[in-house]
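J.: fold the following for me, if possible:
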Amino acid sequence: MTTMMRRWQLTAAGRENLELVDVPVPKPGPGEILIKVSAASLNYRDKLLIDDGFGLPDPQTEPVTPASDLSGIVAEIGLGVTHFAVGDSVISTFIPDWIDGVGPGTAREPNGQTLGGTVQGVLAEYVVLHQDWAVRGPANLTHVEASTLPCAGLTAWTALIERGHLRAGQKVLVLGTGGVSLFGLQLGLMHGAEVIVVSGDDRKLARASELGARHGINRKKEDWVAAVHRLTNDHGADHILETVGGAHLGKSLDAAAVTGRISLIGILEGLDVSGNFGALARKRVIVEGIQVGHRRGLEDLVRAYGVSGVRPIIDAVYRMDELGSALDHLAQGAFGKVVVELA
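T.: You can find the predicted model right below:
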């Protein structure tokens with residue numbers, strides 16, 4: 001096996017501090033696996049980390065390798081590894097050591113440990129992970145497709161299935177056509193839900209309709225909350241994936257059904273959320289923050305995609321040395337996922 005590899009690393013916030021370097025291939029320690037990375041998918045938080053420093057360790061004492069979501073093959077195992085063998089296909093987990101249940105963190109110090117942020121990420125030709133930080137990859141998906149499950153896919157799964165207990169016939173509302181939103185569309189359809197997509201692009205709405213969305217609303221042409229009320233005969237949305245954040249929560253509260261659920265996921269409009277208390281109280285809406293999810297949920301998601309035969313939506317694939325272009329594509333608004341191929 002080769003002794004050197006390429007790795008992206010960030011020495012400080014800003015694209016000018018992002019560099020592709022040659023470094024030795026790491027060795028797995030006890031309980032660890034060495035993964036030959038085939039593909040790594042990007043999330044909007046990766047752009048925020050690289051461009052703005054959002055999520056970087058404070059203080060940053062060493063270069064950080066960005067990105068959290070990989071798919072690859074186990075190349076070597078450390079002493080005591082029992083979950084995997086050389087040659088196994090694996091994908092990473094987003095939050096280290098969150099196996100199941102409520103997960104790590106306290107009221108004073110909520111969990112902030114994530115791959116590609118406070119923990120070294122996966123934009124490298126080889127990556128070492130503890131065996132507890134990976135699950136077997138779906139046999140029916142390519143590495144490019146499988147790499148999209150650990151963050152965006154699991155976030156939608158946690159919101160709708162793990163926490164939301166989605167039932168057939170319910171109405172799911174997704175905002176935009178990024179990774180989490182299109183996973184929400186797919187998972188909603190898998191579970192017999194009626195899915196509504198809100199976007200500012202008619203072409204993207206047409207593509208969402210082809211994927212099975214019941215309704216598409218162009219937010220630039222009409223009041224999307226009023227459209228939700230009209231299209232649902234004033235029932236509203238039972239589940240809303242709130243990927244915008246900030247004061248936009250107020251619109252989601254207005255669109256929500258009585259006893260509906262709003263999953264707070266995105267921060268495009270800021271970290272401080274706000275909305276009308278009257279709508280929240282009178283409709284008895286549940287508003288819950290979603291921090292991706294645990295390993296058991298990821299294993300369930302892998303099984304769901306294996307059984308259903310549904311394939312994640314990939315908007316574009318870039319080479320390892322095209323990371324800058326991939327980040328630009330992400331910033332412009334992807335339809336589904338943007339992936340970097342490392343193999």
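
J.: residue for residue, what is the longest strand the chain has?
T.: In terms of residue count, the longest strand belonging to the chain (DSSP state E) is strand 32-42.

J.: and the next element down the chain from it?
T.: helix 44-52 (DSSP states H and E).

J.: contact partners of that next one?
T.: With contacts defined as CB atoms under 8 Å, 6 or more residues apart in numbering, helix 44-52 is touched by 10, 13-15, 18, 54-56, 64, 66-68, 116-117, 151, 178, 266, 268, 327, 330-331. Any C-beta I mention is one placed from the backbone N, CA and C, and that applies to glycine too.

J.: where does Gly293 sit, in terms of helix or strand?
T.: Using DSSP H and E, Gly293 sits within no helix or strand.

J.: and the one 4 residues further on, by the same measure?
T.: Per DSSP H and E: Gly297 is located in helix 295-308.

J.: show me where the stretch 101-250 of the chain has strands.
T.: 126-130, 134-136, 171-175, 194-199, 215-218, 237-242 (DSSP state E, counting those that start in this stretch).

J.: before we move on, the earlier item: and the angle for the longest strand of the chain with strand 126-130?
T.: Angle, strand 32-42 to strand 126-130, by axes from the mean of the first three to the mean of the last three CA atoms, to 10 degrees: 120 degrees.

J.: Provide the strand pairings for strand 32-42, with the direction of each partner.
T.: strand 69-77 (antiparallel), strand 126-130 (antiparallel), strand 337-341 (antiparallel) (DSSP bridges).

J.: name the nearest residue to the residue nearest the centre of the chain, ignoring sequence neighbours.
T.: Taking CA atoms, centre = their mean as the criterion, Ala152 is the residue nearest the geometric centre of the chain, at 1.8 Å. Nearest residue to Ala152, sequence neighbours excluded (CB to CB, 6 or more residues apart in numbering): Gly179, at 3.4 Å.

J.: okay, now that neighbour: neighbour count?
T.: Neighbourhood size, Gly179 [other CB atoms under 10 Å]: 30.

J.: repeat for the one 5 residues further on
T.: Using other CB under 10 Å, Gly184 is surrounded by 32 other residues.

J.: so what's it up against?
T.: Going by CB under 8 Å, 6+ apart, the list of residues near Gly184 reads Ala156, Ala159, Leu160, Val172, Val174, Val195, Leu241.

J.: swap in 7 Å and give it another go.
T.: Applying CB atoms under 7 Å, 6 or more residues apart in numbering, one finds that Gly184 lies in contact with Ala156, Leu160, Val172, Val174, Leu241.

J.: what's near enough to touch the last one?
T.: The one in question is Leu241. Ala156, Ala159, Val174, Leu175, Val180, Ser181, Gly184, Ser263, Ile265.

J.: please name the bridge partners of it.
T.: In beta-bridge terms (that is, DSSP bridges), Leu241 pairs with Val174, Ser263.
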